[in-house]
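# Fold the following for me, if possible:
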Amino acid sequence: MSAEQLSLVDKVLAYVSSPFRLFAMVLMAVLTFAGYFVYTNQDLLIGAYKESKKIPSIAEDRVEDAAAHLFKQSGAIVVAVFKVNPMFGTRIVHRAYTREGREKAMDGLDVGLFSANQSNNLDITKLLVNEIPCGEYTSAQSEMGIWYIEKGVGYTCRISVQPEPGRFVGQITVGWASPPDNLQKTHAMLQIAASMLSKKRS
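Model prediction:
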């Protein structure tokens, strides 16, 4: 180190003679780095923000109708509607219902899109290509899965909400104690519910 560099180090060490000054210096360094990062990546950040705004959303004004339809037509014991953002890997509980009504405690729970659970990941892959995965539900795949089991669910079907081809913006999960008698009819009812959440009321 040169004499000038040593002198600068001595000055910095002399300045941080108290914990408060050390904290202030670290805070300034963090803010400087954050500002530099935002400045150098502003095009990327603005692009990501604009792209997220283009993604359509589920028709929130039709969620209650879709859930009522599924309870009536499929004999379900639970219905859960999720908002999905594949870009950020989020899958957030928008509404969860039992036959008795809405379970507000589950609202806003982010169970994530992909996870360490392979059964979940396989189902998500099927949802992305507009398939309707169904099967026995014997172990929870997420915190939401614990709620399903507590409500007596032993069998589930899932369907994606895709208002545009390739735009996976929502998910409906329906649960029963045992497999429904007519799975083909159940699939048709799920497709109607997904269609309801794809289109807002005019």
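
# contacts, neighbours, all on C-alpha from now
Fine.

# quick one: secondary structure of residue 80?
Recorded secondary structure, residue 80: strand (DSSP: H, G, I helix; E, B strand; the rest coil).

# Hmm, I typed the wrong one, I wanted residue 187.
Secondary structure for residue 187, judged by three-state DSSP, is helix.

# same thing with residue 96?
From three-state DSSP, the assignment for residue 96 is strand.

# doesn't residue 104 make contact with it?
Yes: taking C-alpha atoms under 8 Å as the contact criterion, residue 96 and residue 104 are neighbours in contact, 7.1 Å apart.

# With neighbour numbers in mind, choose between the two.
Here residue 96 and residue 104 are set side by side on neighbour count (other C-alpha atoms under 10 Å), and the busier one is residue 96, at 24 against 12.

# Can you tell me the closest non-neighbouring residue to the more buried one?
residue 80 (4.3 Å; C-alpha to C-alpha, 6 or more residues apart in numbering).

# do you know how far the one you found is from residue 73?
To residue 73, residue 80 is 16 Å away according to C-alpha to C-alpha, to the nearest Å.

# Looking at the two, which is more packed in?
Comparing residue 80 with residue 73 by other C-alpha under 10 Å, the one with more neighbours is residue 80, at 24 against 14.

# Thought residue 172 was touching the more buried one, still the case?
Yes: applying C-alpha under 8 Å as the test, residue 80 and residue 172 come out as touching, 5.7 Å apart.

# so residue 159, which of the three states?
In the three-state summary, residue 159 is assigned as strand, counting by three-state DSSP.

# which ones are touching it?
Going by C-alpha atoms under 8 Å, 6 or more residues apart in numbering, residue 159 touches 127, 130, 131, 132, 133, 171, 172, 173, 190, 191, 194.

# repeat for residue 113
With contact set as C-alpha under 8 Å, 6+ apart, residue 113 has these partners: 84, 86, 89, 90, 91, 121, 124.

# Which strand or helix spans the last one?
Using DSSP states H and E, residue 124 sits within helix 118-128.

# Which residue, neighbours along the chain excluded, lies closest to residue 199?
In space, residue 199 comes closest to residue 59 once its chain neighbours are excluded; the distance is 5.8 Å by C-alpha to C-alpha, 6+ apart.

# Let me know the secondary structure of the residue nearest in space to the middle of the chain.
With distances taken as C-alpha atoms, centre = their mean, the chain has residue 91 as the residue nearest its mean C-alpha position (1.5 Å). Taken by three-state DSSP, the conformation at residue 91 corresponds to strand.

# Noted, bye for now.
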